[in-house]
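[1] my questions concern the predicted model and sequence given below.
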Amino acid sequence: MGLLDGKVAIITGAGNGIGRAHALLFAQEGARVVVNDLGGGRDGSPNDAASPADVVVREIVAAGGKAVASYDSVATAQGAAGVVARAVSAFGRVDILVNNAGILRDKSFMKMDESMWDTVIAVHLKGSFLCSQAFVKQVMAQKAAAGAGGARIVNTTSVSGMMGNFGQSNYAAAKAGIYGLTRTMSIELQKHRITVNALAPIAKTRMTEDLPMFHEVETMTPRHVAPAALFLASDLCGDRTGHVLAVAGARLYAFKVIETPGKFKDDADSVWTAEQIAEQWDAIVKG
Ligand code: NAI
């Protein structure tokens, strides 16, 4: 018995790194997997490498699992619809979507140009929006036909988005946007029994292998991240929704936005002045 027996899972950007690890584990747990990846370099530019989606599909099938490849880009509405259509034509339905595809175009803020901004936002943030909308449309159609409903979406955010990171204003904005998207979708889709959570992984992949920490560390791998995605994509997750689960090697933790208790004026009618805010700063922001 696998945790995902009978389920159909779409994993975007599953030809490499973390998405590949998700795909292998999900297939091992009984899911029929759509391995989406358009190929290309770390920055999203085209290269001649053999289709990474095909390679992962072959690995899954060789291990006795079921998978098909999809080569669409998540960054266009047509591509996102194509990913979902691939799942429906191969396996007849969808149950799980992992929005994982991603690229990097790092530059310090004042050197970041518009195309670097647009490309990164398009793949991460717009891609997560478009794929989720196409996926939910299909879940609704299944619900109308069979009356059941229920599905799970796992988005991929980042420490960079939650905390900020030098040289990643485009990427951090996209990943912070994915946090807001996750929270809003989790609220809106609850009534359709669709859980929406996010992962914030740290793992050595082609995206991160140049980071100095990864010259020394070999214990933060995509294999460490995949079980967290499996949990959020399986029925073990129950009705938990709107969470950000972070994974870095053997460490699991969560990101939360906190609201401080704040400070009230004695008289509810009176208005804070800027000088009073300066004076009372510590009391206002303390957690
Ligand atoms: P990776 O570069 O190994 O894999 C990303 C995959 O996405 C690639 O195979 C690429 O071809 C695919 N992709 C890119 N644009 C696409 C598009 N438009 N349509 C379909 N596929 C596309 O990177 P990695 O590290 O596995 O990253 C996976 C996710 O995890 C990304 O969203 C990344 O931002 C996120 N992440 C990774 C961290 C890490 O430490 N590796 C840290 C925080 C977040």
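    Done, it's in.
[2] so how many other residues sit close to Leu133?
    Not Leu; residue 133 is Gln. 15 (other C-beta atoms under 10 Å). (Glycine included, C-beta is placed from N, CA and C.)
[3] next: the one 4 residues further on.
    With neighbours defined by other C-beta under 10 Å, the count for Lys137 comes to 13.
[4] the strand or helix carrying it: how far from the chain's middle?
    With the criterion set as DSSP states H and E, the secondary-structure element containing Lys137 is helix 127-146. Chain-centre distance of helix 127-146: 17 Å, with C-alpha atoms, centre = their mean, to the nearest Å.
[5] which residues touch it?
    Contacts of helix 127-146 with the rest of the structure, by C-beta atoms under 8 Å, 6 or more residues apart in numbering, involve 10, 12, 73-77, 79-81, 83-84, 87-88, 93-94, 97, 99, 101, 148-149, 151, 153, 155-156, 178, 181, 185, 189, 192, 194, 196.
[6] dump it to CSV, keeping only the CA atoms.
    This file holds the C-alpha atoms of helix 127-146, laid out as CSV (Å, rounded to 0.1, in the frame of the first residue of the first chain):
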residue,chain,number,x,y,z
GLY,A,127,3.4,29.8,-13.3
SER,A,128,2.1,28.8,-9.9
PHE,A,129,-1.1,30.8,-10.5
LEU,A,130,-1.7,29.5,-14.0
CYS,A,131,-1.0,25.8,-13.2
SER,A,132,-3.1,26.0,-10.1
GLN,A,133,-6.0,27.6,-11.9
ALA,A,134,-5.9,25.0,-14.7
PHE,A,135,-5.7,22.2,-12.1
VAL,A,136,-8.6,23.5,-10.0
LYS,A,137,-10.7,23.8,-13.1
GLN,A,138,-10.1,20.1,-13.8
VAL,A,139,-10.8,19.2,-10.1
MET,A,140,-14.1,21.1,-10.3
ALA,A,141,-15.0,19.2,-13.6
GLN,A,142,-14.3,15.9,-11.9
LYS,A,143,-16.4,17.0,-8.9
ALA,A,144,-19.3,17.9,-11.2
ALA,A,145,-19.0,14.5,-12.9
ALA,A,146,-18.4,12.2,-9.8
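[7] perfect, that will be all.
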